[in-house]
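In: Just the structure for this:
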Amino acid sequence: MELLSDVDLVVCEKSPEIGAAWYENSQFSWDKNPIWSKFFSGSKAIWQYFKDAATKHDLEKHIKFHCVVKSAPWNEELDIWKLIIIDTDKDCFEDTCHILLKASGIQNQVSSWTWPYIPGFHGFKGKLIRTANWDASFDLDGKTVAAIGSEWSGVQLIPAIQPDQHAAQSVTNELVKAQLGNNAALAADFTPSFGIGCRRPTPGDGFLGALTAGNFQVTLEWLVRYVCQVIEKIQTENFKAVEPKEEAVRDLYHHTHEVMKRLVFGSVCRSWFKDGKSHGPLTAMYADSRFHYYKATKNVRWEGYGITYWTENRFRHMGNGLTETHLKSEKLAKPLPLLAL
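Out: Numbers count the residues shown, from 1 in each chain. Here you go, the predicted model:
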């Protein structure tokens with residue numbers, strides 16, 4: 001809202017509060033927080049940060065909570081998006097907009113997670129909890145917990161639910177390393193057959209500390225800058241509709257697929273990077289480096305878009321030759337030297 005004017009913003013959020021994926025499961029570049037209690041903060045602290053940021057910038061007035069957008073067809077006659085929205089009570093209502101941004105992500109969708117395929121899994125008589133849909137009301141005290149998996153979710157979950165260690169973590173790590181080294185078969189089970197990075201890696205030694213160093217700057221979001229360029233064009237240059245050309249989408253798909261062949265993402269492993277498939281395509285992230293993404297999205301490549309104008313003459317937006325600056329300036333508001341009177 002600070003980057004654009006004359007925009008009536010509405011955000012549909014299926015959850016009852018601020019936070020999106022972090023509400024159920026970081027830090028905004030425009031609202032930095034210097035008072036984190038820990039370098040690696042827990043979910044409650046992260047959610048409270050999102051809540052405080054939303055309150056500080058008065059963002060909740062733009063959000064409709066408990067709402068899920070079920071469909072959003074484009075109305076060719078009216079040149080608007082028609083949204084079908086369902087709230088928590090299953091009441092259905094409609095809304096419309098000129099510009100629709102899909103920002104639901106892949107970690108916060110109702111159907112984004114599944115139970116693992118393990119024979120007899122659903123015959124288990126105890127409580128089943130998925131980290132992607134954590135049940136905070138369930139009390140784990142006194143319970144025997146079996147954690148399945150030792151990747152990103154596992155390395156966060158296990159230390160959080162088992163704070164009373166029988167031995168110091170560093171000692172345990174050395175013991176585990178020694179144990180794995182003495183058992184070749186077990187060591188093989190813990191060694192992936194695919195390249196590091198094909199699945200999401202966990203932070204290595206020094207990684208989190210580097211993020212807090214004075215000579216390090218974390219930059220995560222460039223897409224907003226790209227979107228604002230498109231919206232500003234729509235507002236000022238007589239655009240009625242903007243859509244990617246089919247051939248541009250196809251070319252980008254084939255380019256990404258070729259790039260993957262030389263990267264670890266092309267290894268054979270099931271990953272949410274590839275929509276849960278063992279083979280491509282890469283759908284959850286950009287295939288090249290972050291700096292490459294920055295350069296590629298710095299300016300909109302308009303040749304890849306089809307543009308429809310409100311009027312037959314695409315230059316109608318140029319108006320009568322005057323600008324807003326002319327109208328606001330007493331000096332420039334005087335008749336121009338070449339203006340016929």
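In: can you give me the helices in the stretch 201-341 of the chain?
Out: For the stretch 201-341 of the chain, applying DSSP state H, counting those that start in this stretch gives helices covering 207-211, 223-236, 246-260, 290-296, 324-328.
In: Ile35 is nearest to which of those helices?
Out: Checking those against Ile35 by C-beta to C-beta gives helix 207-211 as the closest, at 16.0 Å. From N, CA and C alone the C-beta is placed, and that goes for glycine too.
In: Name the helix or strand for the residue nearest to the spatial centre of the chain, please.
Out: Central residue of the chain (C-alpha atoms, centre = their mean): Gly105, 4.7 Å from the mean position. With elements taken from DSSP states H and E, nothing contains Gly105; it lies in neither a helix nor a strand.
In: Give me the neighbour count for Ile129.
Out: If you count neighbours by other C-beta atoms under 10 Å, Ile129 ends up with 14.
In: Test my guess that it contacts Phe138.
Out: Yes: distance between Ile129 and Phe138: 6.5 Å, which falls inside the contact criterion (C-beta atoms under 8 Å).
In: Test my guess that Leu128 contacts Trp134.
Out: No: with contact defined as C-beta under 8 Å, Leu128 does not reach Trp134; the gap is 11.9 Å.
In: Specify which residue of these two has the higher count of neighbours.
Out: The residue with more neighbours, out of Leu128 and Trp134 and counting by other C-beta under 10 Å, is Trp134; that gives 14 against 10.
In: Kindly provide the distance from the more buried one to Glu76.
Out: When distances are taken as C-beta to C-beta, to the nearest Å, Trp134 and Glu76 turn out to be 43 Å apart.
In: Also Thr308?
Out: From Thr308 to Glu76 the distance is 10 Å (C-beta to C-beta).
In: number of nearby residues for the closest residue to Phe93 other than its chain neighbours?
Out: On the basis of C-beta to C-beta, 6 or more residues apart in numbering, the spatially nearest residue to Phe93 that is not a chain neighbour turns out to be Ile85, at 5.6 Å. A count of nearby residues for Ile85, using other C-beta under 10 Å, gives 18.
In: hang on, isn't Ile85 packed against Val68?
Out: Yes: with contacts defined as C-beta under 8 Å, Ile85 counts as touching Val68 at a distance of 7.0 Å.
In: Could you check how far whichever strand in the chain runs longest is from the centre of its chain?
Out: Here the longest strand in the chain is taken by residue count, with DSSP state E as the criterion, and it is strand 80-87. Between the centre of strand 80-87 and the centre of its host chain there is 21 Å, according to C-alpha atoms, centre = their mean, to the nearest Å.
In: and it, what does it pack onto?
Out: Where contact means 3 or more C-beta pairs under 8 Å, 6 or more residues apart in numbering; DSSP states H and E, strand 80-87 is packed against strand 67-71, strand 74-75, strand 92-97.
In: which one of those strands lies closest to Ile35?
Out: strand 67-71 (32.4 Å).
In: Strand 92-97 and the closest one, what's the angle between them?
Out: For strand 67-71 against strand 92-97, the angle by axes from the mean of the first three to the mean of the last three C-alpha atoms, to 10 degrees is 80 degrees.
In: least trustworthy helix or strand in the chain by mean pLDDT?
Out: Evaluated with mean pLDDT, DSSP states H and E, the helix-and-strand set of the chain has its lowest mean pLDDT in helix 207-211, which scores a mean of 52.
In: all strands of the chain, in order?
Out: Under the criterion DSSP E, strands of the chain are mapped to 11-12, 63-64, 67-71, 74-75, 80-87, 92-97, 239-244, 305-309.
In: Need the pLDDT of the residue nearest to the centre of the chain.
Out: The pLDDT attached to Gly105 in the predicted structure is 73.
In: Ramachandran angles for it?
Out: phi 70, psi -170 (degrees, to the nearest 10).
In: burial count for Ala72?
Out: With neighbours defined by other C-beta under 10 Å, the count for Ala72 comes to 16.
In: Thought Glu94 was touching it, still the case?
Out: No: with contact defined as C-beta under 8 Å, Ala72 does not count as touching Glu94 (10.5 Å).
In: Could you tell me which ranges of the stretch 201-341 of the chain sit under the pLDDT cut-off?
Out: Flagging of the stretch 201-341 of the chain using pLDDT under 70 yields the residue ranges 201-214, 216-221, 330-341.
In: 90 instead?
Out: Residues of the stretch 201-341 of the chain that meet the criterion pLDDT under 90 lie in 201-225, 253, 256-291, 293-294, 316-341.
In: And for the stretch 51-200 of the chain?
Out: By pLDDT under 90, the weakly predicted segments of the stretch 51-200 of the chain are 53, 64-68, 87-93, 102-122, 129-200.
In: So what touches stretch 4-23?
Out: 1, 24, 43, 46-47, 50-51, 53-54, 59-60, 62-69, 83, 85, 88, 95, 97, 105, 107-108, 110, 228, 231-232, 235 (C-beta atoms under 8 Å, 6 or more residues apart in numbering).
In: Just the buried ones from these?
Out: 24, 43, 46-47, 50, 53-54, 63, 67-69, 83, 85, 108, 231, 235 (16 or more other C-beta atoms under 10 Å).
In: Farthest-apart pair in these, please.
Out: With distances taken as C-beta to C-beta, the most widely separated pair in the buried ones among the contacts of stretch 4-23 is Ser43 and Gln235, at 38.2 Å.
In: Show me what the residue nearest to Phe93 is bridged to.
Out: Bridge pairing for Ile85 (DSSP bridges) gives the partners Val69, Phe93.
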